[in-house]
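Q: Provide a 3D model corresponding to the input given below.
(2 chains)
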Amino acid sequence: MSPEYVRQLSVTQGQLSKPPGFWFKLHIDPILLGALLLLTAGGLFILFSASGQSDSIMTRQSIYLAIGFVVMALFAQIPPRIFCRWAPWVYLIGLGLLVAVLLFGTGAKGAQRWITVPGMASVRFQPSEIMKLVMPVVVAWFLAKQAVPPPFKAIIGTLLLVAIPVGLIAKQPDLGTSLLVAAAGFFVLLLAGLRWRFIFGAVLLAIPAAYVMWHYVMRSYQKQRVLTFLNPESDPWGAGWNIIQSKVAIGSGGINGKGWLLGTQSHLDFLPESHTDFIIAVLAEEFGLIGVLLLLAIYAVIIARGLIVSAKAQTLFGKLLAGSITLTFFVYIFVNIGMVSGLLPVVGVPLPLVSRGGTSIVTLMAGFGILMSIHTHRTLLGRTT
Amino acid sequence: MYDRDTLKDHRREVKIFKNRIILAAFCLVLLTGLLISRLFFLQVIQFEELSTKSDENRIHLKPIPPTRGLIYDTHGLLLADNKPSFNLSLIKERIKDLDDTVKELVKLIDISEEEVKGFYKRLHKRRAPYEPVPLKHDLTEEEIAIISVNEQRFSGVEIEAQLVRYYPQTEPFAHVVGYVGKINERELKKLDPQQYSGMRSIGKIGIERFYEEDLLGQVGYQEVETNARGRVLRVLNQQDPKPGVNLTLYLDSYLQQICYEALAGKKGAIVAIEPKTGGILAMVSQPSYDPNLFVSGIPYNTYSALRDHPDRPLYNRASLGEYPPASTIKPMLALAALDLGVREPSYKIFDPGYYKLPNKPRLYRNWKRGGHGWVNLERAVYVSNDTYFYDLALNMGIDDLHDYLTKFGLGQRTAMDVAEQRPGLIPSREWKQGVKGVPWFPGETLISGIGQGYMLATPLQLATATAVVANKGKWIQPRLLKSASGEIKRELPTAPESIKVSNPAYWDFVNESMRKVVHDPRGTANYRIGKDLQYTMAGKTGTAQVVGIKQNERYDAKKLKKIHHDHGLFIAFAPIENPQIAIAVVVENGGGGSSAAAPVARQVLDAYLLPKLAEQRLAASKPE
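A: Here you go, the predicted model:
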């Protein structure tokens, strides 16, 4: 044993001094679980109103949430090393699914995002959502083997790992998801201590990259979204409608809100996609600033807990993975609220665990399962070593 | 387990990672702060503004158009009605394939290419989402049935019902009643948008235009809650519309019809006024058109055919047509001469067939070659001697001539409620200096004395002046409106002052001279209409030159093109003892007043008076 390794153990020793409790044995983190239950319960409340009190939507969402919690609990049982070991294979399967989407996918509005499970016509899922989870795992796996900060070769490798699925998702086309998947990968890189000169270099490179994106990559409808974002009043009946109406919904909620089920913007159909991407506007309209701040508080608890898990993780893989999952989770929230409130262009990002949507819920909950796993399997590491 | 080779500098790794996590946490706090401040901005600072917008979104004022007031003739016959009409309208947002739907509809019912073009034109104008756009107006019952049967096949295809104007009496009344048409861009700028919300048409000419304000009524409102697709979910409040005022006119549709037929195949106009009330009994301009064509937008081809027709059917000759009044003004000038003391009734001149100003070579001819010989004032009227009136006008001077004729309403718009009126022209020194920039010449006074030269009058003005003569100077403004079902908001002009003369017997003189025009064997109208008249009629013929005849030439209708033929004019009132109708007839290019216009007037007066006289006789013969 090298002295360093001994010191590493001694560092962790302090954290392990506490005897593992009941939840620890179940590999469940009670704080995270409590916050998630609170969040999803609140989310159902809002969805009930946003969906126009639709029983079928509520039932489906409840089922997805239930599945989500089960998946979370299952993932929590799997020790991090298993994720690490399986990472490259899952990644390859994910890539395969993305290729399959492009070949046989189904979808709406000119985009192919879904795969229907063969023989089960009603079961379909979005491989790009799964990639949101696979991406931090595989990059963490890759970078955990490298030195810190990662050497140049490792950076190139990471970029390749990120670029392939991101490119495939962008081709569906699904700009929002591809950016989020890319973010999940880059967060690992940043947390792994990517040197500042690379970060600033990337920022400088972003300018010509943006030019290339605008002229060669982005579809006209995506450009339209950006243009509309810059000036929503230019097309009040068309693309600007969504953002104008969601701002009206949020603003008219005021501090206290109009009351549950009393939001006129959503109930009279002025607010588009009120039960999916724009659900926060329903919350803001009906529960006001207080409601939104409460929601943000719950999110803050979840994110803070995620960062603590990341900080306490024993292995670099665990740290990077937990950190990336947490930061990506925050990005969902930020981008969603930012776009609905008119801070950011509309890029189709759901509000995590509140917006309607099956695959998204299950992957997010799987992510929290991984967080719990990283947190609760420290003991095992300590004991076996 | 983990590959331990990778755990190189563990302390550094932990430190870097810790820094990065702290940095990330810092960024998260910063970005969350940004989100919260954005929400604070929207929900606290912009709260008022966005709440208002939210209410505006939700609550809409839906205008309920009022029913337009109806227009009746004096007997209660409907001249302007409202009838339900059904439009086929498409809501673009509810239709999957618009072009396909239009094609299908064209197969089902008769929709012209022009209508399809018009539809696409309207579709591309700025409009609210989910607003129906009409494809075909005025569906027949059969078409409605066809669309209804196929309703399931088309989503977003609607049949819209609305009330549209209908003119059951068609052509004879077109010029006087007028019509409503679609509100155009220019009108839209001037109109009170609130008053006209939900309205598609507006009175364009005639009574429809003059009493627009009153016929319109008051728009009602429904305060409704709508969804984003504009579908009304519930009515929060309603204010009923007030229907427009119904108008009853003095127009006698029987007489109007007679006048219209009397002018059939001719160009011209007739205006008949009841002297006691000033009520316009008939006002006809020939040729005419069907006003119903204009109601829901006239097809361009139809319109240009009407507009460019050489006979100008759209032109209201009765109140806009300006003609030289010719000899019809002679009775009025006779009155003026007597009143001013310019002429005694006994004063005679010798007419050799022309008049000559001293020291001027030009001859001013009488219409009768060879002249009338010795002529006094009365004879000068009933044989329509020009020479006498050249002399009279010269003695009177243009200033008095202008003033007197103006008192009869010539040269100005005097009718109370005729939307389209031209003022005509009674020339004066000031007018000529102002318009032509040259002084007045005595020769011009001469030809003014026979109603030629610059002088112009409309048939409406001639009828008005005749009614004033019939009333012996008492002015009653000519008017179309007899009564209304409500208060009239339109401001109405007041009548000119009545004409007072130094000796009321002058009026009898004028009456007598006009009676002789018809009843005296030498009177200009006697040969044509004076025989077997069952009532007394005072009249005056007039023949207006369209082209100047050179000094040594004679007017020969055969050598002239039809459009250069003289206009025939005739004014009359009857019965003389108790005038019930005053009339002016103008027949364009019809030739002389006695041959072209007087028989038309007789026809009209017979039709109007004979039944009334028969009625009176019947009433008188009945024992008490």
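
Q: B:Thr67 is in contact with B:Pro243, isn't it?
A: Yes. Taking CB atoms under 8 Å as the definition, B:Thr67 is a contact partner of B:Pro243 at 4.2 Å. Quick note: C-beta positions are derived from backbone N, CA and C, even for glycine.

Q: who's more crowded, those two?
A: Set B:Thr67 next to B:Pro243 and count neighbours by other CB atoms under 10 Å in any protein chain shown: B:Pro243 wins out with 19 against 14.

Q: Now do the longest helix belonging to chain B: distance to the chain's middle.
A: In chain B, with assignment by DSSP state H, the single longest helix is helix B:10-40. Distance of helix B:10-40 from its chain centroid, counting by CA atoms, centre = their mean, to the nearest Å, is 79 Å.

Q: quick one: contacts of whatever helix or strand comes next after that helix?
A: Using DSSP states H and E, the next helix or strand after helix B:10-40 towards the C-terminus is helix B:47-58. Here helix B:47-58 makes contact (CB atoms under 8 Å, 6 or more residues apart in numbering or on different chains) with A:245, A:247-252, A:254-255, A:264-265, A:268, A:270, B:42, B:225-226, B:228.

Q: if you set the cut-off to 6 Å instead, what comes out?
A: By CB atoms under 6 Å, 6 or more residues apart in numbering or on different chains, the residues outside helix B:47-58 that reach it are A:Val248, A:Gly251, A:Ser252, A:Gly254, A:Thr264, A:Gln265, A:Leu268, A:Phe270, B:Glu225.

Q: now those residues as JSON lines including pLDDT?
A: Converted to JSON lines, these look like this (pLDDT from 0 to 100):
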{"residue": "A:Val248", "pLDDT": "88"}
{"residue": "A:Gly251", "pLDDT": "89"}
{"residue": "A:Ser252", "pLDDT": "90"}
{"residue": "A:Gly254", "pLDDT": "91"}
{"residue": "A:Thr264", "pLDDT": "81"}
{"residue": "A:Gln265", "pLDDT": "82"}
{"residue": "A:Leu268", "pLDDT": "77"}
{"residue": "A:Phe270", "pLDDT": "78"}
{"residue": "B:Glu225", "pLDDT": "79"}
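
Q: Now do residue 26: how many residues are near it, please.
A: Defaulting to chain A. Applying other CB under 10 Å, we find 15 residues neighbouring A:Leu26.

Q: please go with chain B instead
A: Using other CB under 10 Å, B:Phe26 has 10 neighbouring residues.

Q: Distance of the closest residue to chain A within chain B relative to B:Asp138?
A: Residue of chain B nearest chain A, by CB to the nearest CB: B:Leu50 (2.8 Å). Counting by CB to CB, to the nearest Å, the gap from B:Leu50 to B:Asp138 is 44 Å.

Q: More neighbours: those two, which one.
A: For B:Leu50 and B:Asp138, the more surrounded residue by other CB under 10 Å is B:Leu50, and the numbers stand at 22 against 14.

Q: quick one: pLDDT of that one?
A: On pLDDT, B:Leu50 comes in at 88.

Q: and if you look at B:Tyr130?
A: Reported pLDDT for B:Tyr130: 64.

Q: now A:Gln13
A: The per-residue pLDDT reported for A:Gln13 equals 45.

Q: same check, this time on the one 4 residues further on
A: Looking at A:Ser17, its pLDDT is 47.

Q: Kindly report the same for A:Ser51.
A: 88.

Q: What strand or helix carries B:Gly568?
A: Using DSSP H and E, B:Gly568 falls in strand B:567-574.

Q: For burial, what's the neighbour tally of the residue nearest to A:Phe334 when sequence neighbours are not counted?
A: Leaving aside its chain neighbours, A:Phe334 sits nearest to B:Leu31 (5.4 Å; criterion: CB to CB, 6 or more residues apart in numbering or on different chains). Residues lying near B:Leu31 (other CB under 10 Å) number 17.

Q: do the same with the one 10 residues further on
A: The burial metric for B:Phe41, expressed as a neighbour count using other CB under 10 Å, is 16.

Q: Likewise for A:Phe317?
A: For A:Phe317, the count of nearby residues is 25 (other CB under 10 Å).

Q: Check the one 5 residues further on too.
A: Counted with other CB under 10 Å, residues neighbouring A:Ala322 total 30.

Q: ok, residues contacting the helix or strand harbouring it?
A: Using DSSP H and E, A:Ala322 falls within helix A:316-340. Residues from elsewhere that reach helix A:316-340 (CB under 6 Å, 6+ apart): A:80, A:84, A:136, A:140, A:144, A:183-184, A:187-188, A:191-192, A:246, A:278, A:280-281, A:299, A:303, A:306-307, A:309-310, A:313, A:344, A:346, A:349, A:351-352, A:367, A:371, A:374, B:17, B:24, B:28, B:31, B:35.

Q: So which residues on chain B come close to chain A?
A: B:6, B:8, B:10, B:13, B:16-17, B:20-21, B:24-25, B:28, B:31, B:35, B:38-39, B:42-43, B:46-47, B:50-51, B:53-54, B:57-58, B:129, B:227-228 (CB under 6 Å from any CB of the partner chain).

Q: Quick one, which of these are buried?
A: B:6, B:10, B:13, B:16-17, B:20-21, B:24-25, B:28, B:31, B:35, B:38-39, B:42-43, B:46-47, B:50-51, B:53-54, B:57-58, B:227-228 (16 or more other CB atoms under 10 Å in any protein chain shown).

Q: Can you get me the start-to-end distance on stretch B:398-417?
A: From its first residue to its last, stretch B:398-417 covers 31 Å (CA to CA, to the nearest Å).

Q: residue closest to the middle of chain A?
A: Nearest to the geometric centre of chain A sits A:Phe329, at 4.2 Å (CA atoms, centre = their mean).

Q: what's the spacing between it and B:Phe17?
A: Where B:Phe17 is concerned, A:Phe329 sits at a distance of 18 Å (CB to CB).

Q: Repeat that for A:Gln245.
A: Separation of A:Gln245 from B:Phe17 (CB to CB): 43 Å.

Q: Check B:Leu569 too.
A: Note on B:Leu569: its distance to B:Phe17, by CB to CB, is 111 Å.

Q: B:Lys368 now?
A: 127 Å.

Q: Check B:Pro442 too.
A: 118 Å.

Q: No further queries at this time; thank you.
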